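Asks: Predicted model and sequence follow; I will ask about them next.
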Amino acid sequence: MTPEQLLEEFDTYNFEYFMNKALSRVPEGLDTREGAIIYDALAPTAWSFTEMAQNVKNVFVSTYTQTAQGEFLDRRSQEKGLSRIPATNSEVEAKFTDPSGQPFNVDLGLRFSSIGDNPVYYIVDEKITDGTFSLKASIAGDAGNRYTGQILPVDNISGLGYATITKVTIPARDEETDDDLRARILADVGLTEYGGNVADYLQMVVEKGDVGAAQIYPTWNGGGTVRVVILDNQFNPASTSLISEVQETLDPKDSSGNGYGLAPIGHTVTVAGPTSKVINISMKVSTEVGLTYVDVTPAIQTALNDFFLNMRKQQWATIQNGRSYALTVFIAQISATILGVRGVVNVSYLTLNNAANDIVLAFSNTLQEVPILGSVTVNG
């Protein structure tokens, strides 16, 4: 019997099952209809057995990594020295001016709010230059990733004219899902985290929270050198702010190799972002009767965005053969993605960067590429 079959069997142990089993043992001639004394006397016991069967099923489900959820999955992860990655807080860059439009400096710790029905609150965290500050969202999760524009002070600030968020410098992430944590638990990279090996560096970076994926290049520039290439929580090339934070965590530049970060003594760590490999896509599509290529273009754009995101999320940082990285953007997979869009019946003249060929990304000690969707041109 397989685990799946056992779970299905537990579902058959319902009230009717136990009630019928009990009533089958009642001597013939006695009234066993619903409402009869014997039926009413056995019913509470049957319900109790049903609850017990479901509780046993829940224990079975919660025992194994493949089916455990929530806190039960957390406990399974702890057995492998892992823990669920918590939600982080967005960091943004904001500019402040006085009524005449000149840079205005605000005090650290002041609170501001976004505009809208569900405002996000930010706290002034660090001064960058006059009138430009780094703010951190007060709520964890990716809510702070979705807003740029005017912000309002929570308290009155004398002399402030206008405040606006200009960009998100370090995107936040929501708490790690059960599926993502389960995948990490079950992943077999053939390495144990120890003493600054590749698996150890991956664990250091993952625990940072603001990093979505990372590639590790040991001895990339000679013995004792380690190159760590990172994506942010949106699986885009990391900003300079995030790179600096991770660098400071692993191996501060002002004392590189001396062991004042998480990296072992003697390891000189270089944290960097990958080079964007922008891929422009052009095609001709045939559509169902009643539709035109204009009608399906937005759905094609969305499907391709999701395809590239999944590549960066699931494949970009995957170690091949236990030693290196490799990723190819296959034109056949792009074609299949487009054909999966409702209303599209055929795709032809498909090109990636003006050529009908696959694109092999470069991964070397000095150049690491990441696929980014560029322009999408759809013709009918």
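Replies: Thanks, I have it.
Asks: residue ranges with poor pLDDT in the stretch 51-200 of the chain?
Replies: 188-192 (pLDDT under 70).
Asks: Please enumerate the strands of it.
Replies: In the stretch 51-200 of the chain, the strands defined using DSSP state E, counting those that start in this stretch lie at 91-97, 111-114, 121-129, 132-137, 149-153, 162-170.
Asks: what about the longest strand in the chain?
Replies: If you go by DSSP state E, the chain has its longest strand at strand 275-287.
Asks: which helices and strands does that one pack with?
Replies: helix 293-310, helix 331-339, strand 344-352, strand 369-379 (3 or more C-beta pairs under 8 Å, 6 or more residues apart in numbering; DSSP states H and E). Bear in mind the C-beta positions are built from the backbone N, C-alpha and C, glycine included.
Asks: Let's have the ones you listed in a markdown table, adding mean neighbour count and mean pLDDT.
Replies: Below are those laid out as a markdown table (neighbours: other C-beta atoms under 10 Å; pLDDT from 0 to 100):
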| stretch | mean neighbour count | mean pLDDT |
| --- | --- | --- |
| helix 293-310 | 16 | 96 |
| helix 331-339 | 16 | 96 |
| strand 344-352 | 15 | 96 |
| strand 369-379 | 17 | 96 |
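Asks: now those as a markdown table including distance to L242?
Replies: Converted to a markdown table, the helices and strands packed on strand 275-287 look like this (distance: least, C-beta to C-beta, whole Å):
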| stretch | distance to L242 |
| --- | --- |
| helix 293-310 | 18 |
| helix 331-339 | 29 |
| strand 344-352 | 29 |
| strand 369-379 | 14 |
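Asks: partner strands of the longest strand of the chain, parallel or antiparallel?
Replies: Here strand 275-287 is paired, per DSSP bridges, with strand 344-352 (antiparallel), strand 369-379 (parallel).
Asks: Could you point out the helix or strand that follows the shortest one?
Replies: Toward the C-terminal end, the helix or strand that comes next after strand 344-352 (DSSP states H and E) is strand 359-360.
Asks: Distance of the nearest residue to E91 once chain neighbours are set aside relative to D254?
Replies: Nearest residue to E91 in three dimensions, chain neighbours excluded: I170, at 4.0 Å (C-beta to C-beta, 6 or more residues apart in numbering). Using C-beta to C-beta, to the nearest Å, one obtains 21 Å as the distance from I170 to D254.
Asks: Settle it for me: which of the two has more neighbours?
Replies: I170 (25 against 7; other C-beta atoms under 10 Å).
Asks: So the more buried one sits against S90, correct?
Replies: Yes: I170 lies in contact with S90 (C-beta atoms under 8 Å); the separation is 6.8 Å.
Asks: what about the stretch 201-350 of the chain, any weak spots by pLDDT?
Replies: 322.
Asks: can you confirm A43 is in a strand?
Replies: No: read with DSSP: H, G, I helix; E, B strand; the rest coil, A43 is helix and lies in no strand.
Asks: Give me the neighbour count for it.
Replies: 15.
Asks: Equivalent analysis for the one 4 residues further on, please.
Replies: W47 sits with 14 neighbouring residues when counted by other C-beta under 10 Å.
Asks: what's the answer for T166, then?
Replies: Using other C-beta under 10 Å: T166 sits among 12 other residues.
Asks: contacting residues for it?
Replies: By C-beta atoms under 8 Å, 6 or more residues apart in numbering, T166 lies in contact with 92-95, 148.
Asks: List buried residues within the residues you listed.
Replies: Neighbour-count burial (16 or more other C-beta atoms under 10 Å) applied to the contacts of T166 gives 92-95.
Asks: Show me which of the residues you listed is closest to G131.
Replies: Closest approach between those and G131, by C-beta to C-beta: K95, at 5.8 Å.
Asks: I'd like to know how far R84 sits from G116.
Replies: From R84 to G116 the distance is 30 Å (C-beta to C-beta).
Asks: cool, and G340?
Replies: Distance of G340 to G116, computed by C-beta to C-beta: 34 Å.
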